[in-house]
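Chemist: Below are the sequence and a predicted model for it; my questions follow.
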Amino acid sequence: MEKDRRYCGHGLQHLLDVARTGWILTLENHYPISKDVVYAAALLHDIGKGRQYEFGIPHHIASAELAEPVLKDCGYSSEEIQDILDAIRLHRKPTDEEAPLIQVLYTADKKTRLCFACEAQDDCNWSAEKKNLRLVY
């Protein structure tokens, strides 16, 4: 569904970029989050994009719904599943929520966007505050 998308893509490269950046943020901030939890949240945070395009369901909600059985099948604990689902549900907007995984996923998702080099930057509906216009933070 994103093959011809002009704006930010949500393919494997984006998911891996978010996972790697999320892990770096976790290490830099000394958050007590395991690497596999960071990667699970990152790899699943946009899984609901298809439902958004097809049915109009906001992807953060659809992603959490789709991620839950995957996380259970992978053997995550109830607490880990809840933390990951909370991060997925809240990855679209900044929050004062203190949970480290929520902060990590939100920040990594935004910082991995290369808005400063995007050909569609002028047409993008993201606000200036949301766009990543810097190479280094």
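Modeler: Happy to help now that I have it.

Chemist: what helix or strand is residue 16 on?
Modeler: Using DSSP states H and E, residue 16 sits within helix 12-28.

Chemist: nope, residue 37 is what I meant
Modeler: With DSSP H and E as the criterion, the answer for residue 37 is helix 35-44.

Chemist: that older thread, could you check the angle helix 35-44 makes with the helix holding residue 16?
Modeler: Taking axes from the mean of the first three to the mean of the last three Cα atoms, to 10 degrees, helix 12-28 and helix 35-44 form an angle of 150 degrees between their directions.

Chemist: Just the buried residues of helix 12-28, please?
Modeler: Residues of helix 12-28 classed as buried by neighbour count (16 or more other Cβ atoms under 10 Å): 14, 15, 17, 18, 19, 21, 22, 23, 25, 26. Yep, even glycine has a C-beta here, placed from its N, CA and C like the rest.

Chemist: Could you name the helices and strands sitting against the helix-or-strand element of the chain with minimal mean pLDDT?
Modeler: Lowest by mean pLDDT, DSSP states H and E among the helices and strands of the chain is helix 49-55, with a mean of 79. Counting contacts by 3 or more Cβ pairs under 8 Å, 6 or more residues apart in numbering; DSSP states H and E, helix 49-55 packs against helix 59-73.
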